[in-house]
Structure formats: C-alpha cells, structure tokens
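*Asks:* Fold the stuff below for me.
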Amino acid sequence: MLKVGLTYDLREDYLREGYSHEDTAEFDKEDTILALEEAIRNAGHQPVRIGHVRKLVIALAAGERWDLVFNIAEGLRGLAREAQVPSLLDAYNIPYVFSDGLVLALTLQKAFTKRIIRDAGLPTADFLELRSLDQLSEINLPYPLFAKPVAEGTGKGITGKSKISTKEELKEVCAELLGKFNQPVLIETFLPGREFTVGVVGTGDRARTTGIMEVHFVTDHDQEIYSLENKENYEQYMRYSVPEPAVAEACYKLALDVWNVLGCRDGGRIDIRMDEAGIPNFIEINPLAGMHPVHSDLPMLSRMNGISYQAIMEMILESAIMRLH
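*Replies:* The predicted structure is shown next:
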C-alpha cells in the first residue's frame, strides 16, 4: 500500500478568494477529489489530501512526505504555472503521477509545442504567435483563421469570434485577447474538418491509447467552435461518438507520435482536427487532463471505448509506479 498525496486546485477555494468563474474554469470541484480518493483507495492505496501549491509548500516545510503524489494542480499564475507542483516535488525527491515540470511548462505554451511538433514532421496547422498588434501586418496566412490565447486551457478565450474571416475581425479579436489575458495570441490556419480527442496512458514504449471520441455540434452555437461555453454546457450543445476504425487508427498513430515526441508520462489527452484533405492534424495536448469521472473528456472517451473510470485510474497509477522501480 502506498501513501498517495493529492495535489489539486479546488474551484471553491479560489471563488472564496474573489476570483471569477472564468479565472477558475480549469479548477476542480469537490466531487472530482472524492472520485480520485475512492479510485486510489479501491486500487489498494491510501489517499491523503494536500491541495494547491501553497498548501504543498506548508506541508513540505512541516516535514510531511508521501510515497507518490497524484498531481492534477493546474496552478494560478504564470506561464509555467502547471510546472510549479512537479518542480517542488522534484526538489524534495518525491515521485508523482503525470508529466514533469518541463513538459507541463512547454505544453501549456501552445506555440512552443506546435514548433516542436512541426519540427518532428507531424502535421499541424500553419501558425503565428502574435505578441502585439504591431505584428498584424506580418500575418500572411490564408483566411479563415483561428485565434486563441497561447497559454490557456479548458477553452478559455475561445468563443464564436475565434474563427476569423477578415482583417478587421482579426484586429478586434487580437486586441481583446491581448488585453484580457496579457499573453501572446496563437493565430492558426483554420482546419475545416472533423474534430477528435484521443486518450493516452503510459510512458515511452508502454504508451497506448484508451480510445477516441469525435466532437459533434448539435447547434451552430459559437459557430461550431469547441469554446469554453460549449464545453461547460456540452449536454446542451455537443454530441460525442466513436468514429470509424480507419479514422480512429490514423488519429491514434498521430496521438502516440505526439505523446512520445513531447515526452509525456502516465496519462493525458490529444486534440486533433482534420484539414481540408481529411488528414488528421495536431491541435493541442493536455498532459494534465481533467479527471472528473463523468464530465471530463479523458474518462468520458475511455468509457465510450469500454474502459471504466477505475480502470483508467489504475492504468495511470501503474504507469507512475513502474517508473519508481
């Protein structure tokens, strides 16, 4: 039996401190933590709540230690916020589940990630990282374009306006995103094809997919863009299905190639969209995927492909434990 610490950002903690609904969009609710505790206990281990990075600092300073930490803490501030907990744990030589600080800092910055994916010869939409409106004249990508903050998750900053058809719309959207999120804007050639998300568990040559689901839009709300509102209200706006085997296999290959090029560990999710020729293209990766048993995409797509929440949790834990020996 292992003593498994739990690091996480609880949404209600930050709402009490005065942060907004959007500020806390990536953070977890109490039922997610309860589900994690139950799954860890059912796997034969002892879960121990730690909480967010500041609580981790206090616990470490008090001399508390764990055999393994199950880390889903997203962090609040800075472009390396997802790396804060793993880096602290590395400093104290405490092993943890999911990717290390280097991978989490890299993959949160979508333009950096796309450069590596492109250099590896894997398909991804052409793009430009816009740091100020002065760069608008440098953009020579064909319309329509797609714009989003370079380092946000859970669809933050993505709305129906993210799909852009004119220079005027581009200037308006970029000005709004630069002002609101205080970070560069990722501008990409819009991929018009089908959209998927693929689950992965394991590390290195043991990595394998847990399934795939295709994203369908029930209405044209937000111009059929997988926005924050569409994600949070998926039962109203979205439908999901398992695509045909040939499409699934092509997406699986791309997902595993991306996973291993980036050096991800234990579990996560890769988002993919087809271009006009029907070729799967990498959109982005989430190596710190949501773990709500019902609403989060990784457990959802795994369940649609015959893998229970308990099973996916045990696969993730097993991958981390195997790295300890």
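
*Asks:* Find the least confident helix or strand in the chain, judged by mean pLDDT.
*Replies:* Least confident helix or strand of the chain, by mean pLDDT, DSSP states H and E, is helix 228-232 with a mean of 58.

*Asks:* Show me where this structure has its strands.
*Replies:* All strands of the chain, identified by DSSP state E, fall at 3-7, 46-51, 68-71, 96-97, 127-130, 145-149, 163-164, 185-189, 195-201, 208-217, 238-241, 267-274, 280-286.

*Asks:* which stretch in those strands has the least confidence?
*Replies:* Lowest mean pLDDT within these: strand 238-241, at a mean of 90.

*Asks:* buried stuff in that one?
*Replies:* M238, Y240 (16 or more other CB atoms under 10 Å). In short, each C-beta sits where N, CA and C put it, glycine included.

*Asks:* I'd like the strands of the chain as JSON lines, with distance to E17 appended.
*Replies:* JSON lines is the format used below for the strands of the chain (distance: least, CB to CB, whole Å):
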{"stretch": "strand 3-7", "distance to E17": "18"}
{"stretch": "strand 46-51", "distance to E17": "13"}
{"stretch": "strand 68-71", "distance to E17": "21"}
{"stretch": "strand 96-97", "distance to E17": "25"}
{"stretch": "strand 127-130", "distance to E17": "31"}
{"stretch": "strand 145-149", "distance to E17": "22"}
{"stretch": "strand 163-164", "distance to E17": "34"}
{"stretch": "strand 185-189", "distance to E17": "28"}
{"stretch": "strand 195-201", "distance to E17": "31"}
{"stretch": "strand 208-217", "distance to E17": "33"}
{"stretch": "strand 238-241", "distance to E17": "31"}
{"stretch": "strand 267-274", "distance to E17": "28"}
{"stretch": "strand 280-286", "distance to E17": "25"}
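
*Asks:* Would you mind measuring from the most centrally placed residue in the chain to G267?
*Replies:* Nearest to the geometric centre of the chain sits N286, at 2.5 Å (CA atoms, centre = their mean). For N286, the distance to G267 equals 10 Å [CB to CB, to the nearest Å].

*Asks:* any weak-confidence spans in the stretch 201-325 of the chain?
*Replies:* Under the criterion pLDDT under 70, the flagged ranges of the stretch 201-325 of the chain are 219-234.

*Asks:* Which stretches in it count as helices?
*Replies:* For the stretch 201-325 of the chain, the helices defined by DSSP state H, counting those that start in this stretch occupy 228-232, 234-237, 245-262, 297-304, 309-323.

*Asks:* need those in TSV with mean neighbour count and distance to D67, can you?
*Replies:* TSV is the format used below for the helices of the stretch 201-325 of the chain (neighbours: other CB atoms under 10 Å; distance: least, CB to CB, whole Å):
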stretch	mean neighbour count	distance to D67
helix 228-232	19	34
helix 234-237	14	36
helix 245-262	18	26
helix 297-304	22	24
helix 309-323	19	9
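
*Asks:* With A39 as the reference, name the closest of these.
*Replies:* Shortest distance between A39 and these, using CB to CB, is found for helix 309-323: 3.9 Å.

*Asks:* Show residues contacting stretch 5-25.
*Replies:* 26-30, 32-33, 36-37, 40, 47-53, 56, 66, 68-76, 85, 94, 96, 154-156, 228, 232 (CB atoms under 8 Å, 6 or more residues apart in numbering).

*Asks:* circling back to that earlier point, with distance to K161 as extra columns, can I get the helices of the stretch 201-325 of the chain in CSV?
*Replies:* Listed next are the helices of the stretch 201-325 of the chain as CSV, based on distance: least, CB to CB, whole Å:
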stretch, distance to K161
helix 228-232, 12
helix 234-237, 16
helix 245-262, 28
helix 297-304, 23
helix 309-323, 35
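
*Asks:* Identify whichever of the ones you listed lies nearest to L106.
*Replies:* Nearest to L106, of all these, is helix 245-262, at 7.0 Å by CB to CB.
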